[in-house]
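Novice: I'll drop the sequence and a predicted model, then ask my questions.
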Amino acid sequence: AHTFSLTGSGTINACTCLAGYAGSDGTECAPCAAGSYKTLTGDVACTPCAVDHYSDVPARTDTCGACPAFTFSLEGSNELTDCTCLAGYIGDDGTACTACEGGTYKINTGTGVCTECVASTYSTTVAAASAGKCLSCPAHTFSLTGSNEKTDCTCLAGYTGPDGAECAACVAGEYKNWTGTGVCTLCRVDTYSTDVAATSSGTCLGCPARTLASLGSDALTDCTCVAGYTGADGTECAACVAGRYKEEIGSEACDLCGVTTYSTALAAASAGTCVVCPDNANSSLGSDQLTDCVCVASWFGPLGGPCAFCEVGSWCAGGSSYTCPASSSSVAGSNELTDCTCNASSVGPNGGPCTSCTADDYCPGGTESFECATFSSSPSGSDA
């Protein structure tokens, strides 16, 4: 089969393989596998598809198809999805890929997301394939992750100047407690500061520790606790403990971080310091460390995450993953032992134990086995 010979051929060895098929002269020829081709007739081997090409059909007689734009494939690729994105590009396997935007990069080939430049760096490069394209901001400036312009680098707290340029420190007696452009603020009346590049009005001395007073205050009790601290007016104040915060000034108690969040910060002055637990993890009210975040049912992972979706053949609860009993399996995301069902050729209750199918029966998997048809038999372990 799949051979031909010239008119008048006198021996079987004159029968040679067609294009797209390979084998010795005079024998039955086999089709070239997907991922290869053969344009010639005769006793010639199939040729693997070249790099950046693929073929998903057997017995191909012409060269392989080219991968989509900005993708590549290995030699001998046999599916369109073998064409994966180049470094610096993202997209699904088998489709044309899109360049990473400025402020991001991707160092690996294949599927995946572009990685943002870290804070205090920026990149104007499109399709960057290296973290080295993320350039450091000028001195005493800061930028958010994924910044794509030099002007995204703005002055740190305690420094002043235009965006994208080196910033100058606030002189003693001044402070600046935000990032970005803007002038330094003078310390209030009845306070002073010797600090250079001060980032808080707390450097302006006068009132007891961790308190502040409005302009013109005339009593010690006008000094009330700053955000993040609690205590009676006119006294030194105590920091909110981890897991709590206080956004107001005054003598009020610190608030608990909400469920599904945690905070390790002391003296937290904003609910924003209560960090959301990793995806698919929960925590109780007032949690004070990442390890208080426990993976939810159907997910597993260490305390504090990351949490992974429960794998095939396992069930997950309480943050832990448990392997299904022998000869059983489960779908991804299972959260109970009884989600483990017996494999084909075995039988038993959900959750196990599973035993091998007995002779003269067949077991398609699960809790039931079935007798063979009349006048038929099967060996033990049959699944159909």
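Specialist: Done, it's in. Numbering: from 1, shown residues only.
Novice: Could you pull up the contacting residues of the closest residue to Ser136 other than its chain neighbours?
Specialist: Among residues not flanking Ser136 along the chain, Thr121 sits closest, at 5.7 Å (Cβ to Cβ, 6 or more residues apart in numbering). (Glycine included, C-beta is placed from N, CA and C.) Applying Cβ atoms under 8 Å, 6 or more residues apart in numbering, we find Thr121 in contact with 134-137, 143, 147.
Novice: Could I have the PyMOL command that selects the buried members from the residues you listed?
Specialist: In PyMOL syntax, the buried subset of the contacts of Thr121 is picked out as below (16 or more other Cβ atoms under 10 Å):
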select buried, resi 134+137+143+147
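Novice: Okay, helices next: where are they in the stretch 201-350 of the chain?
Specialist: With DSSP state H, counting those that start in this stretch as the definition, the stretch 201-350 of the chain shows no helices.
Novice: ok, back up a step: which two among the contacts of Thr121 are spaced furthest apart?
Specialist: With Cβ to Cβ as the measure, no two of those lie farther apart than Ser136 and Ser147, at 11.2 Å.
Novice: Val44 and Leu18, how far apart?
Specialist: From Val44 across to Leu18, the span is 11 Å (Cβ to Cβ, to the nearest Å).
Novice: same question, Pro379
Specialist: On the measure of Cβ to Cβ, Pro379 and Leu18 end up 42 Å apart.
Novice: what does Tyr362 give?
Specialist: 42 Å.
Novice: related to what we said a few turns ago, as a markdown table, the contacts of Thr121 with pLDDT and distance to Cys85 would be great.
Specialist: Shown next, in a markdown table, are the contacts of Thr121 (pLDDT from 0 to 100; distance: Cβ to Cβ, whole Å):
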| residue | pLDDT | distance to Cys85 |
| --- | --- | --- |
| Cys134 | 98 | 20 |
| Leu135 | 98 | 24 |
| Ser136 | 97 | 28 |
| Cys137 | 98 | 29 |
| Ser143 | 97 | 27 |
| Ser147 | 98 | 23 |
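Novice: Give the residue from Val44 and Leu18 that has the larger number of neighbours.
Specialist: Leu18 (18 against 15; other Cβ atoms under 10 Å).
Novice: quick one, phi/psi of that one?
Specialist: Dihedral pair for Leu18: phi -70, psi 160, per degrees, to the nearest 10.
Novice: Just to check, it is in contact with Ala1?
Specialist: No. Counting by Cβ atoms under 8 Å, Ala1 is not a contact partner of Leu18; they are 9.5 Å apart.
Novice: any residues in contact with both of the two?
Specialist: Cys29.
Novice: residues touching Thr125, list them.
Specialist: Counting by Cβ under 8 Å, 6+ apart, Thr125 has contacts 102, 105, 133.
Novice: quick one: which of these is most hemmed in?
Specialist: Tyr105 (23 neighbours).
Novice: Now for that one: which residues touch it?
Specialist: So Tyr105 contacts 88, 114-115, 117, 123, 125, 128-131, 133-134 (Cβ under 8 Å, 6+ apart).
Novice: Could you report the neighbour count for Ser214?
Specialist: By other Cβ under 10 Å, the residues close to Ser214 number 11.
Novice: Which residue, other than its chain neighbours, is closest to it?
Specialist: Asp222 (6.8 Å).
Novice: quick one: pLDDT of the one you found?
Specialist: Here the pLDDT value assigned to Asp222 is 80.
Novice: Distance check, it against Lys176.
Specialist: From Asp222 over to Lys176 (counting by Cβ to Cβ), the distance is 24 Å.
Novice: Which one's more surrounded, the two?
Specialist: Lys176 (23 against 15).
Novice: Fine by me, thanks again.
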